[in-house]
Every structure is written in structure tokens, then in C-alpha cells.
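Peer 1: Predicted model follows, preceded by the sequence.
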Amino acid sequence: MLQALFATETFAMDLNMAARTVVFTNCQKFDGKDFRFITSGEYIQMSGRAGRRGLDDEGIVILMIDQKVTPSVVKSMVQGKADPINSAFHLIYNMVLNLLGVEEINPEYMLERSFYQFQNQAVIPDLIDKVKAKQKEYNALSIEQEQSIASYCHIRSQLELLGSQFRAFITKPEYI
């Protein structure tokens, strides 16, 4: 039986291994560029391992802070929201061909029920509301002297066209 295990949050995320007590020896981590405080999602994930199901009534989490930290940082870490879960699913041709090779699986059925599709479907009502709001803004938009501006834009586009034709004519090798 293991008495102690020292692990990173990667271990805490990958394996379903509960512990009686979880100890944080530092509230900062190196992210590849610099040291930063752990996010609330990382804290929730790692501290959630405390307490063994069926063996312990509750788990113990110890956060050892050996540096000066503002209360707001600790509060956002301990009481903050979990990190959002976003699907990293990317459909590729090889996947579709493999799904077509299995007789019991219908690729369309499987793709319709993927988490990626669920997230896309969940966003649709918000997008519709945004489109309606933008449509109202567009309909309420009025431009003073719209005919004059349209005429000016038409003249400018003709000038650009004629200018490019003129430059193409005078730069022909026989006229240089």
C-alpha cells in the first residue's frame, strides 16, 4: 500500500486514483514560460482526489503557502469556477473511412451525438439573438445624404479603374 505519492496535476487528471489527503506544497506552477498561480479548475481537479469513495466520509486538502499571496488570489483559486470544457474533436478523412468500415456504426449517427456537435448546437440560440440584435442595429442605421455618398463612391471606383488602365497603357514596352 502506498503511503505517499508525489504527483503533478497531469497525474491527478489522467488517473482515477483517490487519496485520503491531498497536499499542495506550492500554489504556483511553471507553465513553460513563467510561474503562475494554479487556476481554480486545476485546484478543483487535484483537490477533488481527496477522500476515497466508500472508505472516507470526507477528504482532507492542505494548501501550504510559503509566500505572500493576496486573499483575492487564494479566493479565486479555491472558490473560482471550473475551467470550461471545449471539445478538441476534429473530423478527418481517415476517421470517416474507419467508421464506414465498421458495420455496426453509422458515422452520421455518431457525429450527430458527439460532444463537439452538442457544444455547437448549444451556442445556436445565443448566435440567433446576436444576429437579431445586429439586424436591428442595421435597420436603424441611416446615412445622411446617402445618394451623394453613393455617387462619390461610384466616381472614386471609376477613377481607380481608369487610373489602373492608364498606368497599364503607359508602361507598355513600346511606349517606354
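Peer 2: Right, received. Where do you want to start?
Peer 1: quick one: contacts for residue 82?
Peer 2: Going by CB atoms under 8 Å, 6 or more residues apart in numbering, residue 82 touches 40-41, 44. Glycine gets a C-beta too; all of them are placed from N, C-alpha and C.
Peer 1: now those in CSV, with pLDDT and distance to residue 78?
Peer 2: Formatted as CSV, those follow (pLDDT from 0 to 100; distance: CB to CB, whole Å):
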residue, pLDDT, distance to residue 78
40, 84, 7
41, 82, 12
44, 79, 9
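Peer 1: Using a markdown table, lay out the residues you listed together with neighbour count and secondary structure.
Peer 2: Shown next, in a markdown table, are the contacts of residue 82 (neighbours: other CB atoms under 10 Å; DSSP: H, G, I helix; E, B strand; the rest coil):
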| residue | neighbour count | secondary structure |
| --- | --- | --- |
| 40 | 17 | helix |
| 41 | 17 | helix |
| 44 | 17 | helix |
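Peer 1: Relative to residue 19, which of those residues is nearest.
Peer 2: residue 44 (15.1 Å; CB to CB).
Peer 1: where does this structure have low pLDDT?
Peer 2: By pLDDT under 70, the low-scoring segments of the chain are 1-5, 7-18, 175-176.
Peer 1: And the helices in it, which stretches?
Peer 2: Here the chain has its helices, by DSSP state H, at 9-14, 40-47, 71-79, 93-101, 107-112, 115-140, 146-170.
Peer 1: now the closest residue to residue 143 other than its chain neighbours: how far from residue 134?
Peer 2: Spatial nearest neighbour of residue 143, excluding adjacent residues (CB to CB, 6 or more residues apart in numbering): residue 149 at 6.5 Å. Distance, residue 149 to residue 134, using CB to CB, to the nearest Å: 22 Å.
Peer 1: same check, this time on residue 30
Peer 2: Separation of residue 30 from residue 134 (CB to CB) stands at 43 Å.
Peer 1: swap in residue 25?
Peer 2: Per CB to CB, residue 25 is found 50 Å from residue 134.
Peer 1: Buried residues in stretch 155-168, which are they?
Peer 2: Neighbour counts over stretch 155-168 (16 or more other CB atoms under 10 Å) mark no residue as buried.
Peer 1: Name the nearest residue to the residue nearest the centre of the chain, ignoring sequence neighbours.
Peer 2: The C-alpha lying nearest the average C-alpha coordinate of the chain belongs to residue 86 (CA atoms, centre = their mean; 5.9 Å). Distances taken as CB to CB, 6+ apart place residue 119 nearest to residue 86, at 7.0 Å, with adjacent residues excluded.
Peer 1: correct me, but the one you found touches residue 84?
Peer 2: No - with contacts counted by CB atoms under 8 Å, residue 119 stays clear of residue 84, the gap being 9.8 Å.
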